[in-house]
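> what shape does this take:
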Amino acid sequence: MNRKVYLFALLLILAAAASISAKVVHGGHTVSSDYSRHLWRINMTMNITGKGSRAKVRLTLPRDNDRQTIYNEHFENDEMVFYVRERPDTNNRIGFWRSELLDGSKMLQYTFSAQLKSLVYDVPKEAFLGADPSKTYPADFHRWLKPSEFIQSKDVSIKSHLKKAVGREKNTAAVIRKLFDFVRGQVRYRSEKGSKDAKETLKKLTADCGG
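Below is the predicted model:
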């Protein structure tokens, strides 16, 4: 939904996706992609209870990007103060509900529509990685795999963990599955303030999608 912290997971999955393109050059198999669009109407309801104390609710809100369009947003505040703040450092949009004195229960709602565009890759079962797939990445993968402040794709420790997760497997579909299973099985969810880069996420093996 947002550009968030789950960077190590993103690096692993995108590295796996990049490996798909390698087979197109090295083995002659065709990897096809297909775009599809989906329209969703989402309603989020939050019930909070207080006993005469201050209250604050923080929610990361979706925003437009090349894969989704957000519109028809509606907020129910139940007499609480509500405002939205932009986070330039993480490019997140955060909604806040506040009350100086919350005594009893409040029901907050956030409703929006989302036009989503999904991209599905068809990976042939017989596709295998080439000797140096990095030389065959397509142009649209470069921006995801290029080293950045938060995604250190050239870091030695990250490469080492990638090799351990994949082992000697060369089948493209199997490599993708191994990376997916590693992220799902080893990286635990933990909500934290701020943003972690890929190296820190790898070190702690914890991450969230809250920025």
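> quickly find the element holding Leu202.
Here Leu202, judged by DSSP states H and E, is contained in helix 198-204.
> strand partners of the helix or strand following that helix, parallel vs antiparallel please.
Downstream of helix 198-204, the first helix or strand assigned by DSSP H and E is strand 206-207. Strand 206-207 has the following sheet partners, assigned by DSSP bridges: strand 188-189 (parallel).
> which outside residues touch the strand it pairs with?
Leu205, Thr206, Ala207, Asp208 (C-beta atoms under 8 Å, 6 or more residues apart in numbering). Where C-beta positions appear, they are placed from N, C-alpha and C, glycine not excepted.
> so what pairs up with the third one in the strands?
Under the criterion DSSP bridges, Ala207 forms beta bridges with Tyr189.
> start the count at 578, not 1, going forward
From this message on, residue numbering opens at 578, which makes the last subject Ala784.
> number of nearby residues for Lys694?
Applying other C-beta atoms under 10 Å, we find 13 residues neighbouring Lys694.
> helix or strand next in line after the host helix or strand of it, which one?
Secondary structure assigned from DSSP H and E places Lys694 in strand 669-699. Using DSSP H and E, the helix or strand that follows strand 669-699 in sequence is helix 719-722.
> that following helix packs against which elements?
For helix 719-722, the elements it packs on are helix 584-603, judged by 3 or more C-beta pairs under 8 Å, 6 or more residues apart in numbering; DSSP states H and E.
> assign a three-state SS to the closest residue to Lys781 other than its chain neighbours, would you?
Leaving aside its sequence neighbours, Lys781 sits nearest to Lys773 (C-beta to C-beta, 6 or more residues apart in numbering; 7.3 Å). Counting by DSSP: H, G, I helix; E, B strand; the rest coil, the backbone at Lys773 sits in coil.
> would you agree Lys773 is in contact with Leu779?
No: with contact defined as C-beta atoms under 8 Å, Lys773 does not count as touching Leu779 (9.4 Å).
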